[in-house]
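Visitor: My questions concern the predicted model and sequence given below.
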Amino acid sequence: MNLRPDQLAAQLDKALAPLWVLHGNEPLLVLEAADAIRAAARRQGYEERETLVVGQGFKWDALTLAAGNMSLFGGAKLIDLRIPGGKPGRDGGEALQRFVGELPAQTLTLITLPELDWQARKAGWFKALADAGILIELNAPERERLPDWIGRRLAAQKQRADAETLAFIAEHVEGNLLAAHQEILKLGLLHPEGTLSLEQVQDAVLNVARYDIDKLREAVLEGDPARCARLLEGLRGEGAAPPLVLWALANETRSLATLRTGQDAGQPLPALFKAERIFDPRRQQAIGRALGRLSQGGLRAALMHAARIDRMIKGLVSGDVWDEFLQLALRLARRP
């Protein structure tokens with residue numbers, strides 16, 4: 001059975017189904033939904049939990065054993081199966097189909113997956129999961145719906161803001177719900193319940209750390225590799241959220257790529273600035289200098305690099321996120 005994310009809370013007030021499957025492109029929403037299901041399971045007497053994480057070398061016999069082993073306390077049990085890669089393979093697919101064909105008694109199974117491509121959605125194992133349990137797809141809200149999403153989150157902590165303020169927050173966290181979540185929690189700590197002003201939000205959201213992310217963007221545009229390295233080290237030391245750092249670098253890269261494409265097509269830079277809503281003269285000058293040293297091919301490579309970092313942050317590929325931030329910043333700041 002397919003369930004919309006906004007229907008989850010009401011469903012958790014009822015007797016829990018034996019199988020839940022969560023997937024989507026936004027890890028924060030998948031994690032929150034999984035936490036809500038686990039909390040509901042505890043309330044309904046599922047006292048024991050066994051967590052299985054599918055990775056390299058994972059033996060699918062472990063799922064069969066988990067289903068067959070009774071709870072140590074003789075009560076109901078939760079099997080928490082996580083498949084970070086999204087593809088269980090042939091053995092895993094067969095094991096999942098056998099498992100859901102005869103779900104164990106007194107057991108609730110929670111399966112979490114990342115965003116699935118069309119091939120995975122058509123696979124027999126996924127169809128078997130969808131037919132046997134409750135399936136919830138959790139994706140990030142579209143850009144135009146992000147302010148409403150932020151408004152609901154603020155309302156949950158008894159705060160509110162006008163449309164302009166919500167749009168400001170959305171602009172600074174677009175594509176990074178984890179960053180949005182952190183900023184909303186920060187506003188709850190900094191300000192009392194009630195209405196938030198635009199000035200209060202600007203102070204809280206822009207002052208991410210002593211080493212400001214906006215300064216990192218400036219250093220990239222000015223082609224100052226040494227300053228980029230210092231600022232990234234400072235942001236790392238201050239505990240800045242990696243999704244927010246990636247947003248800053250990726251957003252700057254996308255803007256530069258759009259302008260570079262327009263320039264190569266013969267369009268005048270002032271018209272391109274107007275189309276991109278870049279009106280600050282100092283920023284226009286910095287971007288103009290950056291475009292003089294960055295090629296369209298180089299910017300495409302930088303966008304691909306940013307996409308790889310995004311997968312790294314989500315746990316889909318391995319690597320040092322902060323080292324990749326440095327390499328991306330140096331790629332953009334490098335002079336010919």
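Guide: Great, that's in hand.
Visitor: Would you map the strands across this protein?
Guide: Secondary structure of the chain (DSSP state E): strands at 2-3, 19-23, 46-53, 76-82, 107-112, 134-137, 159-161, 194-196.
Visitor: Dump these into JSON lines; add distance to Ala34 as well.
Guide: All C-beta atoms are positioned from the backbone trio N, CA, C, and that covers glycine. Listed next are the strands of the chain as JSON lines, based on distance: least, Cβ to Cβ, whole Å:
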{"stretch": "strand 2-3", "distance to Ala34": "14"}
{"stretch": "strand 19-23", "distance to Ala34": "6"}
{"stretch": "strand 46-53", "distance to Ala34": "11"}
{"stretch": "strand 76-82", "distance to Ala34": "8"}
{"stretch": "strand 107-112", "distance to Ala34": "5"}
{"stretch": "strand 134-137", "distance to Ala34": "10"}
{"stretch": "strand 159-161", "distance to Ala34": "26"}
{"stretch": "strand 194-196", "distance to Ala34": "30"}
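Visitor: With mean pLDDT added, can I get those in a markdown table?
Guide: Shown next, in a markdown table, are the strands of the chain (pLDDT from 0 to 100):
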| stretch | mean pLDDT |
| --- | --- |
| strand 2-3 | 90 |
| strand 19-23 | 96 |
| strand 46-53 | 90 |
| strand 76-82 | 92 |
| strand 107-112 | 94 |
| strand 134-137 | 96 |
| strand 159-161 | 95 |
| strand 194-196 | 95 |
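Visitor: Adding mean neighbour count, write these out as JSON lines.
Guide: Shown next, in JSON lines, are the strands of the chain (neighbours: other Cβ atoms under 10 Å):
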{"stretch": "strand 2-3", "mean neighbour count": "14"}
{"stretch": "strand 19-23", "mean neighbour count": "24"}
{"stretch": "strand 46-53", "mean neighbour count": "16"}
{"stretch": "strand 76-82", "mean neighbour count": "20"}
{"stretch": "strand 107-112", "mean neighbour count": "23"}
{"stretch": "strand 134-137", "mean neighbour count": "20"}
{"stretch": "strand 159-161", "mean neighbour count": "18"}
{"stretch": "strand 194-196", "mean neighbour count": "14"}
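Visitor: Among those, which comes closest to Pro147?
Guide: For the strands of the chain, the distance to Pro147 is smallest for strand 159-161, at 9.1 Å, taking Cβ to Cβ.
Visitor: Counting by contacts, list what that closest one packs against.
Guide: If you count contacts as 3 or more Cβ pairs under 8 Å, 6 or more residues apart in numbering; DSSP states H and E, strand 159-161 packs onto helix 146-156, strand 194-196.
Visitor: Many thanks, we can stop here.
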